[in-house]
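1. Sequence plus predicted model, see below.
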Amino acid sequence: MGRMLACRDLQLTLGGTPILRGVDAVFEGGAIAVVGRSGAGKTSLLHCLAGLRTPTAGEVTFDGASLAAMSEEDRARLRLERFGFVFQRAELLGELSLLENIALPLEMRGEPRRECARRAAELVERLDLSDCAGRRPDRVSGGQRQRAAVARAVVGRPAVVFADEPTGALDERNGRFVVDMLLQQCAHESAALVMVTHDAQWADLCDRRLTMADGVVAADDVSSASERASTGPQ
Ligand SMILES: Nc1ncnc2c1ncn2[C@@H]1O[C@H](COP(=O)(O)OP(=O)(O)OP(=O)(O)O)[C@@H](O)[C@H]1O
């Protein structure tokens, strides 16, 4: 895989305060954890990479194209068609069932109804949501909501899934289940995963760990999970 997503000398200043102070990184696929202390700039980096926020200086490119050079409409299309998102709280639409929420990105793209329904049903099955797919988000557990958010993020076969503290609202057991599902589904759909987390145990499950400190990349390591995988069984 080539240089799918990259940023060069990325800077973000908000209200006169430098938040990102020159971030260089290349994301070529696999699962990347973005870690670091509170306030280090993890969420700000994720928002810039995903085209949700315009950096003050520097550049983000996706498949070689600069996000800043695109019109807002083209960036919105990029987010809808090539990116998937999972936030700390699932942010599902309360008036729709889980199944309808999962199908929504495909419907917004104007895909045929039958295909939307087929694909959403496939994700419901894969994420073990069959029992509650017809219910609204306020009638299911936090773990089920977050699994539906994972399904919605991958339903459109994105190139990159951005997850910001996807387990923040869950207990450890449900958190582990959601991270496992997220990793599994991204691998299944060949999507890269960029996951902001403060939790070292989730970062260890990723292939790579980008450590942010004070608005810059302090370390960029291959994580132990990936080293174990490449070493193979002894
Ligand atoms: N709109 C804003 N205006 C001014 N400062 C902001 C704004 N948004 C965020 N910040 C500051 O930018 C810094 C980085 O925030 P960011 O949310 O990117 O960090 P983070 O590493 O994700 O933190 P956390 O782990 O607590 O979520 C923080 O010091 C935050 O207070």
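-> Thanks, I have it.
2. Run through the neighbouring helices and strands of the strand or helix carrying Ala117.
-> Using DSSP states H and E, Ala117 sits in helix 113-126. The criterion is 3 or more Cβ pairs under 8 Å, 6 or more residues apart in numbering; DSSP states H and E, and the helices and strands that helix 113-126 contacts are helix 98-108, helix 142-154. Heads up, the C-betas are built off the backbone N, CA and C, glycines and all.
3. 10 Å instead, please
-> Counting contacts by 3 or more Cβ pairs under 10 Å, 6 or more residues apart in numbering; DSSP states H and E, helix 113-126 is packed against helix 98-108, helix 142-154, helix 172-188.
4. What are the buried residues along the longest one?
-> Taking 16 or more other Cβ atoms under 10 Å as the basis for neighbour counts, the residues of helix 172-188 that come out buried are Asn174, Gly175, Arg176, Phe177, Val178, Val179, Met181, Leu182, Leu183, Gln185, Cys186.
5. Closest one to Leu104 out of those residues, please.
-> Gln185 (16.8 Å; Cβ to Cβ).
6. from memory the closest one sits against Glu122, does it?
-> No. The criterion here is Cβ atoms under 10 Å, and Gln185 misses it with Glu122 at 11.1 Å.
7. so where's the protein uncertain?
-> 1-3, 224-234 (pLDDT under 70).
8. Alongside the ligand, which residues does it contribute?
-> By Cβ under 6 Å from any ligand atom, the residues of the chain that approach the ligand are 14-15, 17, 19, 36, 38-44, 198.
9. Now render those residues as TSV, adding distance to Val60.
-> Below are those laid out as TSV (distance: Cβ to Cβ, whole Å):
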residue	distance to Val60
Leu14	17
Gly15	21
Thr17	20
Ile19	15
Gly36	19
Ser38	23
Gly39	21
Ala40	18
Gly41	14
Lys42	15
Thr43	15
Ser44	12
His198	23
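10. all helices for the chain, in order.
-> Secondary structure of the chain (DSSP state H): helices at 42-49, 72-82, 98-108, 113-126, 142-154, 172-188, 200-203, 224-231.
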